[in-house]
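In: quick one: sequence and predicted model below, then my questions.
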Amino acid sequence: MKVLLAVASSVERAAYKAYLESSAEPSYTIVEAENPEQLAALYDQFQPQCIVFDAAFAKLPEPKIMDRVTAATRRDQCGLVWLVPSEKINAIAGELKKGAHIFLCADHLDATQLQQAIQYAVAAAHPALPESVERYQAIVEALPEILFTALPNGRIDFINQQFYDYTGLKGGEYQDFGWFEALHPEDVENVSRGWREAVESGTTFNAEYRFRRADGHYRWFRCRAVPLRDEAHHISKWFGICMDMTEQKRLEQERENLLLREMQARDLAEAANRAKDEFLAMVSHELRAPLNAVLGWINILRSQEIDEATFRHALETIERSAKSQATLIEDLVDSAMIATGKMRIKMERVNLVAVVQAALDVVVPAAEAKAISINFKVTANHTQVLGDASRLQQVMWNLLSNAVKFTPEGGSIEVIIQNSDGNAQITVSDSGRGITAEMLPFVFERFQQADVARTKRFGGLGLGLSLVKQLVELHGGVVQASSAGDGKGATFIVNLPLRARPSGVLSVSMLKALSQVEERGNRTLSFNGLRVLVVDDDADAREISAIVLRQQGAKVMQADSAREAFRLLTASAQEAKPDILISDIGMPEEDGYSLIRRIRALPPEQGGQIPAIALTAFTSAEDRRRALETGFQVHLAKPIEPNELIKVIGTLANRGDVR
């Protein structure tokens with residue numbers, strides 16, 4: 001129990017202090033005031049439960065000091081014991097009405113009397129609760145929340161049992177501001193400042209902080225305390241409640257994280273949409289540019305008389321533009337096939353030296369035109385991998401053409417094949433424009449280009465490196481890019497396993513017979529007497545196929561529809577029936593699939609077993625599978641080189657005559 005001794009005589013103070021310290025139960029915490037100024041200061045600071053007041057201390061009669069003391073004790077429910085000499089008893093008796101709870105004659109005071117007087121004064125300051133209040137107190141203890149009350153100066157004077165159960169503190173440890181010890185260290189300053197400001201201003205206290213549980217873990221609480229005022233509008237008490245809000249905090253954090261993820265997803269979607277819009281604009285540009293050249297030269301050839309040199313230049317430009325469009329379309333198709341998991345590769349033992357050399361042969365003329373030196377070195381002992389030679393050459397062509405494209409005149413390119421950790425490693429380095437640090441993580445992404453304005457000058461769709469990465473991964477390898485920065489060149493490293501099989505879908509070539517034809521080199525095949533039926537609703541496509549075949553000596557029959565083709569096949573006499581069928585797939589009214597199914601239903605003597613080629617712009621793996629299943633022997637994609645078409649026809653017709 002906290003007792004303030006306000007006694008003028010130091011000898012008497014020492015005696016009264018000894019009386020109280022001799023008590024085993026209850027124990028006393030004692031502070032001493034030597035003068036009225038100390039009394040006021042210590043009362044506010046110490047907040048005693050009882051004051052032992054010496055009449056001589058205030059030099060009675062002194063009504064101002066008495067008023068201050070009794071007002072404070074009534075407000076704070078502090079017990080008040082008066083010690084007076086016998087001759088002053090009559091003069092002081094009336095002070096009981098002003099707030100003193102008991103007075104003692106100081107002449108013959110002993111320890112027991114003093115202790116009993118203090119206990120009585122404290123009890124008198126806290127009268128017995130009526131039955132209804134006791135019920136409320138029971139309810140307070142039963143509530144799961146932490147409830148507390150505080151004196152007007154903010155010192156806690158009551159906390160319910162939930163506080164002790166949660167914190168593990170013992171009764172009395174919360175006294176004054178001891179409850180701050182249970183706060184998280186990061187919250188102490190803000191909470192203590194907020195509580196002081198609320199007490200000083202008399203406003204509602206609201207705070208969120210972490211309270212330490214008995215096991216040492218912290219949980220979030222929301223605290224709210226409101227002041228109770230008396231008739232004079234003075235604060236007589238604070239009432240507060242602390243509610244565990246850890247679960248609410250967790251849900252709020254999850255909601256914030258969800259909102260953040262949604263914002264990030266929206267940003268990514270918007271960025272992807274912007275990239276696709278830019279990509280589509282670029283596709284339009286790259287497809288229209290060569291078309292403009294083709295149409296322009298065609299108009300010139302039709303309307304003007306031109307010399308031989310200009311004529312040859314026109315043909316070269318048209319051919320270059322057509323090949324450029326074919327390359328762009330092939331990149332788009334390859335990218336779509338890989339994205340949908342339909343890319344199929346032919347597996348065989350491949351010598352990387354031959355692959356790289358073939359790609360170099362293609363890009364060397366462009367490099368020489370810019371005076372770019374290319375240094376090709378092979379330091380590997382093993383250069384054979386399992387893969388698709390044409391796809392690996394596509395990888396190298398993309399890397400090398402990029403190097404030539406972005407390396408300025410007089411620059412250099414180095415290509416090295418070496419062995420590293422059981423892999424065949426191909427390194428392509430250049431002294432070109434390089435890659436910025438911001439762009440480097442996205443260099444292999446689809447629809448991404450380092451600088452649209454700059455790369456536009458060099459053409460292309462920005463799919464090349466994306467295809468490189470995906471094709472390398474289909475072979476079980478990895479590709480990496482590095483650069484010291486803008487203007488400092490770039491390095492691409494491809495690692496392919498020497499023995500491991502690649503990931504992805506594998507297929508055996510549908511055109512094995514072509515290898516037998518290709519072994520004959522560049523010898524020209526003769527189709528003298530070979531009858532070929534060409535079916536296509538596009539007159540231009542039909543005519544170009546007919547011209548190529550006639551130049552080889554074939555007899556060509558043309559049909560602009562599946563119905564017309566079926567009529568020609570079945571109506572022809574046996575000696576005039578076609579030997580080979582070349583049919584488009586996408587045609588109005590009846591497509592190529594329906595046509596070949598009808599033909600295969602015919603008996604052999606009516607042409608039911610005619611060798612058939614599907615020549616179509618439908619080039620997906622599913623289109624190829626469907627064409628072969630319905631009855632075609634070969635599926636070829638438009639556009640096709642005339643020499644390739646001739647080789648396929650020669651194989652199917654088994655015409656090996658060499659002219």
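Out: Nice, I can see it.

In: helices of the stretch 451-600 of the chain, start to end?
Out: Applying DSSP state H, counting those that start in this stretch to the stretch 451-600 of the chain gives helices spanning 452-455, 464-474, 513-518, 539-551, 562-571, 592-600.

In: need the ones you listed in CSV (columns: distance to residue 646).
Out: Every C-beta, even on glycine, is put in place using the N, C-alpha and C of the backbone. Formatted as CSV, the helices of the stretch 451-600 of the chain follow (distance: least, C-beta to C-beta, whole Å):
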stretch, distance to residue 646
helix 452-455, 38
helix 464-474, 29
helix 513-518, 9
helix 539-551, 7
helix 562-571, 21
helix 592-600, 21
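
In: with mean neighbour count added, can I get these in JSON lines?
Out: Shown next, in JSON lines, are the helices of the stretch 451-600 of the chain (neighbours: other C-beta atoms under 10 Å):
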{"stretch": "helix 452-455", "mean neighbour count": "12"}
{"stretch": "helix 464-474", "mean neighbour count": "21"}
{"stretch": "helix 513-518", "mean neighbour count": "14"}
{"stretch": "helix 539-551", "mean neighbour count": "15"}
{"stretch": "helix 562-571", "mean neighbour count": "18"}
{"stretch": "helix 592-600", "mean neighbour count": "20"}
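
In: out of those helices, flag the one nearest residue 14.
Out: helix 464-474 (91.5 Å; C-beta to C-beta).

In: what about the closest one, average pLDDT?
Out: The average pLDDT within helix 464-474 is 85.

In: what helices or strands is it leaning on?
Out: If you count contacts as 3 or more C-beta pairs under 8 Å, 6 or more residues apart in numbering; DSSP states H and E, helix 464-474 packs onto helix 308-339, helix 389-406, strand 478-482, strand 490-497.

In: scan this structure for its longest strand.
Out: strand 218-229 (DSSP state E).

In: distance from the chain centre to that one, please.
Out: Chain-centre distance of strand 218-229: 38 Å, with C-alpha atoms, centre = their mean, to the nearest Å.

In: need the residues that contact it.
Out: 146, 148, 150, 152, 184, 195, 198, 202-213, 235-246, 248-249 (C-beta atoms under 8 Å, 6 or more residues apart in numbering).

In: hey, C-alpha coordinates of it in CSV?
Out: Extracted C-alpha coordinates of strand 218-229, given in CSV (Å, rounded to 0.1, in the frame of the first residue of the first chain):
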residue,chain,number,x,y,z
TYR,A,218,3.0,-10.4,-29.7
ARG,A,219,-0.5,-9.9,-30.9
TRP,A,220,-2.2,-6.8,-32.3
PHE,A,221,-4.8,-5.0,-30.0
ARG,A,222,-7.0,-2.0,-30.6
CYS,A,223,-7.5,0.2,-27.5
ARG,A,224,-10.1,2.8,-26.8
ALA,A,225,-10.5,4.8,-23.6
VAL,A,226,-13.0,7.5,-22.8
PRO,A,227,-13.1,10.0,-19.8
LEU,A,228,-16.0,10.0,-17.3
ARG,A,229,-16.7,13.5,-16.0
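
In: list the buried residues in it.
Out: Of the residues in strand 218-229, those buried by neighbour count under the rule 16 or more other C-beta atoms under 10 Å are 218, 220-223, 225, 227.

In: just curious, which of the residues you listed is nearest to residue 293?
Out: After measuring these against residue 293 - C-beta to C-beta - the closest member comes out as residue 220, at 70.1 Å.

In: and the closest one, how far is that from residue 241?
Out: Separation of residue 220 from residue 241 (C-beta to C-beta, to the nearest Å) stands at 15 Å.

In: again, but for residue 8
Out: Counting by C-beta to C-beta, the gap from residue 8 to residue 241 is 45 Å.

In: could you do residue 388 as well?
Out: 73 Å.

In: between these two, which has more neighbouring residues?
Out: residue 388 (24 against 17; other C-beta atoms under 10 Å).

In: helices and strands of the chain: which one bottoms out on pLDDT?
Out: strand 505-507 (a mean of 32; mean pLDDT, DSSP states H and E).

In: tell me the angle the longest helix that the chain contains makes with strand 218-229.
Out: In the chain, with assignment by DSSP state H, the single longest helix is helix 246-303. With axes from the mean of the first three to the mean of the last three C-alpha atoms, to 10 degrees applied, the angle from helix 246-303 to strand 218-229 works out at 120 degrees.

In: how about the helices and strands packed on helix 464-474 in CSV, adding mean pLDDT and mean neighbour count?
Out: Shown next, in CSV, are the helices and strands packed on helix 464-474 (pLDDT from 0 to 100; neighbours: other C-beta atoms under 10 Å):
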stretch, mean pLDDT, mean neighbour count
helix 308-339, 77, 15
helix 389-406, 88, 22
strand 478-482, 92, 16
strand 490-497, 93, 21
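
In: residues contacting the closest residue to residue 76 other than its chain neighbours?
Out: Spatial nearest neighbour of residue 76, excluding adjacent residues (C-beta to C-beta, 6 or more residues apart in numbering): residue 151 at 5.7 Å. By C-beta under 8 Å, 6+ apart, the contact set of residue 151 is 47, 76, 157, 237-238.

In: hmm, which of those residues is lowest in pLDDT?
Out: residue 76 (77).

In: now do the contacts for it.
Out: Taking C-beta under 8 Å, 6+ apart as the test, what residue 76 contacts is 47, 151-152.

In: returning to that earlier point: dihedrals phi and psi, the residue nearest to residue 76?
Out: phi -70, psi 170 (degrees, to the nearest 10).

In: wait, what's in contact with residue 43?
Out: With contact set as C-beta under 8 Å, 6+ apart, residue 43 has these partners: 4, 51, 72.

In: secondary structure element for the second one?
Out: Mapping residue 51 onto the secondary structure by DSSP states H and E places it in strand 50-54.

In: now what about that strand, what contacts it?
Out: 1-9, 12, 16, 43, 69, 73, 78-83, 100, 106, 114, 118, 121-122, 125.
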